[in-house]
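Asks: quick one, structure for this:
(one chain, ligands or ions: 1)
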Amino acid sequence: MIAPNRQGEVWVFAEQEDGSLHDVVLELCGKARQLADVLKVPVGAVLPGHQIRPLASKLIAHGADRVYVVEDSRLAHFQTIPYARVLCTLIEKYRPQIVLYGATPLGRDLAPRVASAIQAGMTADCTDLQISDVTDPKTKEVHRNLLLQIRPAFGGNIIATIVNYDRWPQMATVREGVMPLLPPNPSRNGEIIDEKVEIDESLLALRLIERHIEPRKVNLKSARVIVAGGGGVGSKEDFRLIHELAGAIGGAVGASRAAVDSGFIGKEHQIGQTGTTVRPALYIAAGISGAVQHRAGMEESAKIIAINIDPNAPIFSIAHYGIVGDLKKVIPMMIKALRER
Ligand code: FAD
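Replies: Residues are numbered from 1 along each chain as shown. This next block holds a predicted model:
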């Protein structure tokens, strides 16, 4: 176990692929900056890979004070065991107090492996992080400045706050898209620290023969406008209304799980707790009730327009504009108005 270090840095694992940082890393840098400012400690970013040094300045611009670069051709492509060795070695050397990972497929693979190797705690899939004093309900001892790791639990019906009293560092994976991406400041100063980590050949159990990357067909994350349809659309045929409205307004098509489960549209369009988390400038929710699991993926949208036949639908409680009516009448009117502009 790693001894607590109250002066330790707040770290972000800088996931990259082929020399590009994952978007969630930059979101986490902003959040790490906020947490570190409360704790009055620096932000560190751990950047393993091959030919990745140029990424350090981007991490600094987004809030890192120190970037630990581990340059090794054997780290060119992600493998769990050597990457976990890099993280464990640096955590043992520098003893950060918090380590954050994106809840990406890669982060979900790496973080538990690191947590188990160093016997730290780890909370998966957080949607918020805060710093607060916490009283241990059993011992009544007050623990200063702990990381509150906040995430939906029990199918999204409650929001759980999880704290680690005695397992260090405090570690969490964080969902993509839930932390705002703060604007970079290219004039920020930071330190780049080159680290060497011993990677024994025995750790390289996998040999990469070929890589095949499927391009993402749907990019909901970067869409500024999303038109999403739900169970209330009624059929796959009527879901064409959602596509038409999205086409007319220049937006991407999203869906609730009910629409996906009913076969109106593919799973890659699902928004919510078990789908994609989005925060577009405009989100139009048509025939979507506003269940908590759906809201978890879209309620940070800048403007929400809800169309629902039921005036008591929960979606209206978070909508900026609400239209009570049958989407099959309302949407054609919207399309007509947009086309006539
Ligand atoms: P419904 O509940 O069927 O609601 C349809 C709505 O359409 C109603 O409000 C109705 O009034 C309205 N309506 C009906 N006809 C019309 C009409 N003609 N015009 C206008 N309005 C109309 N859900 C997600 O969306 N995303 C997730 O990621 C997700 N993850 C989940 C994870 C777990 C562990 C669990 C337990 C559930 C999850 N769900 C998720 C499911 C969620 O609980 C809801 O069941 C789902 O969001 C309901 O979708 P809906 O509102 O589109 O459909």
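Asks: just the C-alpha atoms of stretch 249-263, please, in PDB.
Replies: Written as PDB, here are the backbone C-alpha positions of stretch 249-263 (Å, rounded to 0.1, in the frame of the first residue of the first chain):
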ATOM      1  CA  ILE A 249     -31.400  21.800 -38.700                       C
ATOM      2  CA  GLY A 250     -27.900  20.400 -39.400                       C
ATOM      3  CA  GLY A 251     -27.700  18.100 -36.400                       C
ATOM      4  CA  ALA A 252     -26.900  14.600 -35.400                       C
ATOM      5  CA  VAL A 253     -29.500  11.900 -34.500                       C
ATOM      6  CA  GLY A 254     -29.700  10.600 -31.000                       C
ATOM      7  CA  ALA A 255     -32.000   8.200 -29.300                       C
ATOM      8  CA  SER A 256     -33.200   7.000 -25.900                       C
ATOM      9  CA  ARG A 257     -32.700   3.400 -24.900                       C
ATOM     10  CA  ALA A 258     -36.400   2.700 -25.500                       C
ATOM     11  CA  ALA A 259     -36.000   3.700 -29.100                       C
ATOM     12  CA  VAL A 260     -32.900   1.600 -29.500                       C
ATOM     13  CA  ASP A 261     -34.400  -1.400 -27.800                       C
ATOM     14  CA  SER A 262     -37.500  -1.200 -30.000                       C
ATOM     15  CA  GLY A 263     -35.200  -1.400 -33.000                       C
END
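Asks: how far is that stretch from where the chain is centred?
Replies: 20 Å (CA atoms, centre = their mean, to the nearest Å).
Asks: contacts for stretch 141-161?
Replies: Outside of stretch 141-161, the residues that reach it under the criterion CB atoms under 8 Å, 6 or more residues apart in numbering are 6, 35, 38-39, 97-98, 123-136, 162-165, 170, 172, 273, 291-293, 296. Every C-beta, even on glycine, is put in place using the N, C-alpha and C of the backbone.
Asks: from those residues, keep the buried residues only.
Replies: 35, 39, 97-98, 123-127, 129, 131, 134, 162, 164, 170, 172, 273, 291-293, 296 (16 or more other CB atoms under 10 Å).
Asks: among these, which are located in helices?
Replies: With DSSP state H as the criterion, helices contain 35, 39, 292-293 from among the buried ones among the contacts of stretch 141-161.
Asks: number of residues surrounding the residue nearest to Ala124 when sequence neighbours are not counted?
Replies: Nearest residue to Ala124 in three dimensions, chain neighbours excluded: Thr173, at 5.1 Å (CB to CB, 6 or more residues apart in numbering). Applying other CB atoms under 10 Å, we find 25 other residues in the vicinity of Thr173.
Asks: separation between Thr173 and Leu100?
Replies: Distance check for Thr173 against Leu100: by CB to CB, to the nearest Å, it reads 8 Å.
Asks: so the residue nearest to Ala124 is in contact with Leu106, correct?
Replies: No - using CB atoms under 8 Å, Thr173 is not in contact with Leu106; the gap is 10.2 Å.
Asks: in contact with the residue in the stretch 1-150 of the chain that the ligand sits nearest to, which residues?
Replies: Of the stretch 1-150 of the chain, the residue with the smallest distance to the ligand, taken as CB to the nearest ligand atom, is Asp125 at 11.6 Å. When the contact criterion is CB under 8 Å, 6+ apart, the partners of Asp125 are 103, 151-152, 173-175.
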